[in-house]
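Engineer: Quick one, what's the 3D model for this:
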Amino acid sequence: MKKLLIFPIILFLLLSIFFGCSSMKSHKTQFAGIDEKLVSRDYSGAIAQIESAKGKYYKKKEQALYYLDIGMLYHYNKQYQKSNEFLTKAENAIDELYTKSISRAAASLLINDNVMEYSGEDYEDIYLNVFKALNYLELDQFDDAFVEIRRINDKLSLLEQKHTKMADQFNVSKDKEKEFKAGKNKFHNSALGRYLSLLLYRAEDKMDDARIDRDEIQKAWKLQSQIYNFKIPDLNNYLKLSDKAKVNFISFIGRGPDKKANTLYIHTEKNLIVIGTTKENPRGKQNLETLDLINWKGVQKGYHFKFQLPFMKERKSNIGSVKIKVDGKTAAKLEVIEDIETVAFETYKIKEPLIYLKTITRTIVKGLFAAKGKQEMEKKIADPLLGFAARIAADVAVDATENADLRISRFFPGKALIGEIELTPGVHNIKIEYYSKNGTILFIDDLGDEEITKKKFNFFESYYLN
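Structural biologist: The predicted model follows:
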């Protein structure tokens, strides 16, 4: 009779684990079909889809993520005031959550990141200010745009310090075995931010300040070659004035990175843990390929644990080139000023060592605790079959709480391109054409007839998120 009762109990426990651990998983169901909406420029439809997901897939702990996603979509839908309202909420939430996370870092060392509030990736926190600045430019609020551009530099100067503080707090934890250290920041100067600043200073006839920004852009290529590993745009004529009107373009293409999960394994020796991944050999068997060896005082030989780590994955774009056509003739080819996706990868490396060690610490502590629990169960359950079922339930419980945090904003672009042409003042028909890598035209952003004057800030933004 007892045997008959235990099986339903174990089944009930397993189901409870799966449903109860949904808060420890990153949900992406809300994005189903949204890529097609972006390619077809159905931004209103995308906004409606994200708004309908609020409360269901965007819980309170994903509030900052919701603000980022909806704020970016409102920008693409040319609802600039509304975009800034949400991007400002996102920025405020990220600031508040960082302060909160510092204060409770030591206590949260053993908590899965999926349970914690999403506090944004560093690149999201930086580029939301770029899009707030662009919103203000569209609203003819130049002073406010300047404030946002300065915020970019402020955040970059504090980037490494921010994660070093977090590492220091982890090191206070009683569960800490190895010392936490943040990675080094290699992104100190945003060419895109400097470019927007240059244009604004030039529009206000502050040519010395504009020249400083141009020089800083050139420094970005010299001092940050791992990020700016492509040809620098030609800025030689930006500070040369003529009797013609300067017209500037910025285009955003592709999409920022996604997050995926990498499943790894821990094998323990005495005072040593081996981090590895499974790799199939020619005979079809799975071998453990060693990735890392870490001295871990007090751990005993013979334990095996599974865990997941998040990693950023590139979302490749089909776009090969972007051209400006004025009055039916090609006037310029836009050049890349910022690879936003590369910046995302580089800034992620600052906190990646913290995620790595935190996940390993949590896995070992939780795994050893579960192993001890299984030993106690075996002592109390004489029937081998029931003991096996109970051990399976315990293993499932541990695995179900070890899912990588895959939350990330879906709507930042992958690259920013710029270009400048000079036109005789008057009305001109302007088109921005997007070509595939094999030269096929993908999309034409027809801006129509635009009045160009020397006194006006002739600045046009376009995007094709393919």
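Engineer: and the gap between residue 408 and residue 69?
Structural biologist: Distance, residue 408 to residue 69, by CB to CB, to the nearest Å: 10 Å. To be clear about C-beta, it is placed using only N, CA and C from the backbone, and glycine gets the same treatment.
Engineer: Looking at the two, which is more packed in?
Structural biologist: Counted by other CB atoms under 10 Å, residue 408 and residue 69 do not tie: residue 69 has more neighbours, with 28 against 24.
Engineer: Would you confirm that residue 427 contacts residue 447?
Structural biologist: No. Using CB atoms under 8 Å as the test, residue 427 is too far from residue 447 to be in contact (11.9 Å).
Engineer: Which one's more surrounded, these two?
Structural biologist: A count of neighbours by other CB under 10 Å puts residue 447 above the other of residue 427 and residue 447, at 16 against 10.
Engineer: so what's the more buried one closest to, chain neighbours aside?
Structural biologist: residue 430 (4.4 Å; CB to CB, 6 or more residues apart in numbering).
Engineer: Quick check: next helix or strand after the helix or strand containing that neighbour?
Structural biologist: In this assignment (DSSP states H and E), residue 430 forms part of strand 426-436. Counting by DSSP H and E, the next helix or strand C-terminal to strand 426-436 is strand 441-452.
Engineer: which secondary structure elements does that next one contact?
Structural biologist: For strand 441-452, the elements it packs on are strand 426-436, strand 459-464, judged by 3 or more CB pairs under 8 Å, 6 or more residues apart in numbering; DSSP states H and E.
Engineer: How about residues contacting it?
Structural biologist: Residues from elsewhere that reach strand 441-452, judged by CB atoms under 8 Å, 6 or more residues apart in numbering: 245, 247, 318-319, 423-436, 458, 460, 462, 464, 466.
Engineer: Which positions within whichever strand or helix holds residue 90 qualify as buried?
Structural biologist: Element membership for residue 90, per DSSP H and E: helix 80-103. For helix 80-103, the neighbour count (16 or more other CB atoms under 10 Å) marks 80, 82-91, 93-94, 97-98, 101 as buried.
Engineer: Same question for stretch 444-451.
Structural biologist: 445, 447, 450.
Engineer: For beta bridges, what are the partners of the last one?
Structural biologist: By that I understand residue 450. On the basis of DSSP bridges, residue 450 takes part in beta bridges with residue 428.
Engineer: quick one: pLDDT of it?
Structural biologist: According to the prediction, residue 450 has pLDDT 97.
Engineer: the strands in the stretch 51-200 of the chain, which residues?
Structural biologist: In the stretch 51-200 of the chain, no strands are found when defined by DSSP state E, counting those that start in this stretch.
Engineer: remind me which residues of the protein are low pLDDT?
Structural biologist: 1-27, 279-288, 373-402 (pLDDT under 70).
Engineer: tell me what the longest helix anywhere in it is packed against?
Structural biologist: For the chain, the helix that runs over the most residues, judged by DSSP state H, is helix 340-380. On a contact count with 3+ CB pairs under 8 Å, 6+ apart, helix 340-380 meets helix 122-138, helix 159-170, strand 258-269, strand 272-280, strand 304-313, helix 384-400, strand 415-423.
Engineer: In TSV: those, plus mean neighbour count.
Structural biologist: Shown next, in TSV, are these (neighbours: other CB atoms under 10 Å):
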stretch	mean neighbour count
helix 122-138	24
helix 159-170	18
strand 258-269	16
strand 272-280	15
strand 304-313	18
helix 384-400	16
strand 415-423	20
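Engineer: For residue 367, which of these is the nearest?
Structural biologist: The minimum distance between residue 367 and those falls on strand 304-313, with 3.9 Å, by CB to CB.
Engineer: Would you give the sheet partners of the closest one, along with the direction of each?
Structural biologist: If you go by DSSP bridges, strand 304-313 pairs up with strand 258-269 (antiparallel).
Engineer: can you give me how far the strand it pairs with is from the chain middle?
Structural biologist: 20 Å (CA atoms, centre = their mean, to the nearest Å).
Engineer: mind saving the C-alpha coords of it as CSV?
Structural biologist: What follows is strand 258-269, C-alpha atoms only, in CSV (Å, rounded to 0.1, in the frame of the first residue of the first chain):
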residue,chain,number,x,y,z
ASP,A,258,20.4,37.3,-28.3
LYS,A,259,21.3,35.1,-25.3
LYS,A,260,21.6,31.4,-25.4
ALA,A,261,22.4,28.7,-22.8
ASN,A,262,25.5,26.6,-22.7
THR,A,263,25.2,23.4,-20.6
LEU,A,264,28.4,22.5,-18.7
TYR,A,265,29.3,19.9,-16.2
ILE,A,266,31.3,19.8,-12.9
HIS,A,267,33.3,16.7,-11.9
THR,A,268,34.9,16.8,-8.5
GLU,A,269,38.3,15.4,-7.3
